[in-house]
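Visitor: structure for the following, please:
(2 chains)
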There are 2 protein chains.
Amino acid sequence: MKKLNGGVTAAKGYMAAAAAAGIKYKGRTDMALVYSRTPAVCAGAFTTNVVKAAPVYWDKEIVAKGNGVHAVVLNSGIANACTGKEGKERNFYMASEIAGQLGVKPEEVLTASTGVIGVLMEKSPLSKGAELLKKALSDTEEAGTEAAEAIMTTDTVSKEAAACFEADGKTVTLGGMSKGSGMIHPNMATMLSVTTTDAAISAGDLQELVSEIVSDTFNMISVDRDTSTNDTYLVLANGESGVEIKKGTKAYEDFREALFYVSCELAKKMAGDGEGCTKLLEVQVTHCQSKDKAKVLSKSVITSNLVKTAVYGSDANWGRILCALGYAGVDFHPDKVDVTIEAEGEELMLVRDGAAADYSEEKATKLLSQKEVTVICDMKEGEASATAWGCDLTYDYVKINGDYRS
Amino acid sequence: MKKLNGGVTAAKGYMAAAAAAGIKYKGRTDMALVYSRTPAVCAGAFTTNVVKAAPVYWDKEIVAKGNGVHAVVLNSGIANACTGKEGKERNFYMASEIAGQLGVKPEEVLTASTGVIGVLMEKSPLSKGAELLKKALSDTEEAGTEAAEAIMTTDTVSKEAAACFEADGKTVTLGGMSKGSGMIHPNMATMLSVTTTDAAISAGDLQELVSEIVSDTFNMISVDRDTSTNDTYLVLANGESGVEIKKGTKAYEDFREALFYVSCELAKKMAGDGEGCTKLLEVQVTHCQSKDKAKVLSKSVITSNLVKTAVYGSDANWGRILCALGYAGVDFHPDKVDVTIEAEGEELMLVRDGAAADYSEEKATKLLSQKEVTVICDMKEGEASATAWGCDLTYDYVKINGDYRS
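Guide: Now for the predicted structure:
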């Protein structure tokens, strides 16, 4: 596998575009389109929130049917959630306008929305946006980046990742984009994300891989423990590389590795750009009895407001880490746990056998002051491990969310 | 039932004291003692955190044995959690020093600690504190208040509540104190709290009532979703009123009412004094299928960082309320839910049948700007209801916790 620059236009046969449709924001782009000239097989994962946005209902039905799709249209500014029947009509309108521009059926256009809940989208920006998007479609790397920018809300940077591998002398490419950065909590995708690939793979096999990979990547990040109503992760595979991905082959393993890489990169980029955050926090729980237990423990630490504020303050308040492990809802031996922090290639053990290790507070503060901090909790009870990603909790998180709508 | 001023010294036969022992803080009191001259029956509820502080182990054993106790000693500054065998020895030392001063057995002295995790308490402040506490013991209301002040950490006000009722021409009194205000999350007491009463009641009956009442009061508050390692709620009953509380009598119902009142007041005071908070947030979930479901839903709303920041900003961002209901992990019909806010006796419906009601943003902001705000989520599916209490999430929460230890 080779890492690449770029995003949704990296793979063969895909184009992307962005447009300033004026859905809510002024003076910035707020609609994005990803288009595959060849009908693409599609898989997805969606929010588990009981309250689901209109586009989530629409996409779930299309993905379940397993027919080929041509496009994904996304918008920022309005989430189209809690908008009743009219919201579903507007979502259909958005898909239809794009379908009209592309000369395909509405059912071949997936949708995704992000922004404020409870507000209805107007029709005219959607028509205008569809027209602009059609005109702007391009297969350049820049077009992919512009699409990634158009779906940003409180994100401070756009998020893309891409990779390729060789099979049968041909190149298979994958590329994706995603947006965070609030209402981010594991339980499916926790964001909007689209990955495109020119691999040829069956809808069933693709869905199986997506479900497996989501549980170790997107579902292992949290910014604020709030699982959105709109979370959508879509993977399109149009087969244009000419490489068939079949179970039991090396190409299948390579494809899995590349899809995992793209998903994991996008997930980490979302965690590291959480609302108001200054640091990416990685929590590894190692030597645990089972992977499920390790996941529960690692998520409990990354979601603790007290851990998050301590990391913000570069304070090695390891008691909060043990405390968060302790209320995770699974059993373990507190007197066995070791806790080590790691940053910039340096390590420091804070806790040995559940009590304070002999460490330098000064060095701890230095490590915790880095942009990327890893906490390793060694449970010393088994062989399983898991990793979760989060961020610190800062004044700016409160600022951003105390006054989001205005 | 009649509401009273006062706290742990309100009931007959109890004395309290505070002392500046110098355990960690300088220039303030940090040890408190509650003493009953008559041996008291005792019941308790403790943290469910796998990582438990030394005093929690100590108290659980004593409460389980069901023998009479004479005192509770509490300290702030150091939590005596994650301190291994030595921590347990220091906890025994604290109980023994008090027992020596009072002329009782160490097993008749309950303990409770709050403060920083992972630090060992020194012996000399404990001896000094025990001596000072013995000298300061008094049955005045002021002594109760001083005890309540000595256990404060980041609390901004001390917390007391008391009530009495008549039975057989005699007066039964109950009074309690508690401290918050961070690491507060339902799953038992989420704090330190002691209630004393002069009722005569069996240990078994008292424990049954305590367990029942805790689940509707202390376990329904949350400041930051972090369940502490030290949560301890103790109720002492010394029988000095001469009134026996037996199941099936009016006195039993009156006692339950008074104990519920004292617990609920203390719980709400803790929620309203959450770290850095400016508002008490009450969330009622009504017309729900079951009480358990109503509890899960109401807790999900009070613990949502996005709801908490919106309340801080007095922003009627009701989409976040529906979103938090939606990820609570229980099923319901999103299209049926009504959401109403209430403050200062005024009501405003924000959501009707899962979508925006026709309301004035100006009025919504006015209501949300009050010190106490109630959110009512009407599920329209049954007859059960539940109430949870929390607070807003502010810059000051981040400030307090970004730099707690120094």
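Visitor: only C-alpha atoms from now on, for both contacts and neighbour counts.
Guide: Noted.
Visitor: might one say that A:S181 is in contact with A:T227?
Guide: No. Using C-alpha atoms under 8 Å, A:S181 is not in contact with A:T227; the gap is 11.5 Å.
Visitor: measure A:F255 to A:E240 for me?
Guide: Distance from A:F255 to A:E240, counting by C-alpha to C-alpha, to the nearest Å: 15 Å.
Visitor: between the two, who's got more neighbours?
Guide: Using other C-alpha atoms under 10 Å in any protein chain shown, the more surrounded residue of A:F255 and A:E240 is A:F255, with 26 against 22.
Visitor: quick one: buried residues of stretch A:157-177?
Guide: Residues of stretch A:157-177 classed as buried: A:157-165, A:167, A:171-177 (neighbour count, 16 or more other C-alpha atoms under 10 Å in any protein chain shown).
Visitor: what is the burial count for the residue of the stretch 101-250 of chain A found nearest chain B?
Guide: Of all residues in the stretch 101-250 of chain A, A:I117 sits closest to chain B, at 4.9 Å by C-alpha to the nearest C-alpha. Look at A:I117: counted by other C-alpha under 10 Å, it has 26 neighbours.
Visitor: OK, contacts around it?
Guide: Listed by C-alpha atoms under 8 Å, 6 or more residues apart in numbering or on different chains, the contact partners of A:I117 are A:I78, A:A79, A:N80, A:A81, A:C82, B:G319, B:R320.
Visitor: same thing but 6 Å
Guide: Each residue near A:I117 by C-alpha atoms under 6 Å, 6 or more residues apart in numbering or on different chains is listed here: A:A79, A:A81, B:G319.
Visitor: so which of these wins on neighbours?
Guide: The member of the contacts of A:I117 surrounded by the most neighbours (other C-alpha under 10 Å) is A:A81, with 30 neighbours in all.
Visitor: wait, that one sits on A:A53?
Guide: Yes. Between A:A81 and A:A53 there is a contact at 3.9 Å, judged by C-alpha atoms under 6 Å.
Visitor: can you give the distance of stretch A:166-173 from its chain's centre?
Guide: Offset of stretch A:166-173 from its chain centre (C-alpha atoms, centre = their mean, to the nearest Å): 26 Å.
Visitor: stretch A:165-172 now?
Guide: Chain-centre distance of stretch A:165-172: 27 Å, with C-alpha atoms, centre = their mean.
Visitor: what of stretch A:209-218?
Guide: Distance, stretch centre to chain centre, for stretch A:209-218: 10 Å (C-alpha atoms, centre = their mean).
Visitor: keep only those of the buried residues of stretch A:157-177 that are in strands.
Guide: A:159-165, A:167, A:171-177 (DSSP state E).
Visitor: and those residues, which two are furthest apart?
Guide: Farthest pair in those (C-alpha to C-alpha) is A:K159 and A:A167. Separation: 27.2 Å.
Visitor: now do the buried residues in stretch A:29-46.
Guide: Under the neighbour-count criterion of 16+ other C-alpha under 10 Å, stretch A:29-46 has A:29-36, A:38-46 buried.
Visitor: tell me the mean pLDDT for it?
Guide: Mean per-residue pLDDT for stretch A:29-46: 95.
Visitor: what's in contact with that stretch?
Guide: By C-alpha under 6 Å, 6+ apart, the list of residues contacting stretch A:29-46 from outside reads A:13-20, A:63, A:68-76, A:147, A:150, A:188, A:203, A:207, A:231-238.
Visitor: sorry, back to before: and of the ones in strands among the buried residues of stretch A:157-177, the nearest to B:R90?
Guide: A:K159 (52.2 Å).
Visitor: so how far is stretch A:46-63 off the chain centroid?
Guide: Once both centres are worked out by C-alpha atoms, centre = their mean, stretch A:46-63 turns out to sit 16 Å from its chain's centre.
Visitor: give the residue farthest from the middle of chain A.
Guide: No residue in chain A sits farther from the centre than A:D358, which is 38.3 Å out by C-alpha atoms, centre = their mean.
Visitor: remind me which residues of the stretch 1-150 of chain A are low pLDDT?
Guide: Low-confidence segments of the stretch 1-150 of chain A (pLDDT under 70): none present.
Visitor: if you set the cut-off to 90 instead, what comes out?
Guide: Scanning the stretch 1-150 of chain A with the threshold set as pLDDT under 90 gives A:24-26, A:45-52, A:82, A:115-118.
Visitor: what do you get for the stretch 201-350 of chain A?
Guide: Low-confidence segments of the stretch 201-350 of chain A (pLDDT under 90): A:215, A:218-232, A:267, A:269-277, A:303-306, A:309, A:315-317, A:319-320, A:323, A:327-329.
Visitor: close to chain B: what parts of it are there?
Guide: Counting by C-alpha under 6 Å from any C-alpha of the partner chain, the stretch 201-350 of chain A comes close to chain B at A:T309, A:A310, A:Y312, A:G313, A:G319, A:G326, A:Y327, A:P334.
Visitor: now the element after the top helix by length along chain A, going C-ward?
Guide: If you go by DSSP state H, chain A has its longest helix at helix A:250-272. Downstream of helix A:250-272, the first helix or strand assigned by DSSP states H and E is strand A:280-288.
Visitor: and the closest residue to A:K246 other than its chain neighbours, how many neighbours?
Guide: In space, and not counting its chain neighbours, A:K246 is closest to A:Y252: 5.7 Å by C-alpha to C-alpha, 6 or more residues apart in numbering or on different chains. Here the number of neighbours of A:Y252 (other C-alpha under 10 Å) works out to 18.
Visitor: go on, the one 5 residues further on?
Guide: A:E257 is surrounded by 17 other residues when neighbours are defined as other C-alpha under 10 Å.
Visitor: ok, now how distant is it from chain B?
Guide: Counting by C-alpha to the nearest C-alpha, to the nearest Å, the gap from A:E257 to chain B is 31 Å.
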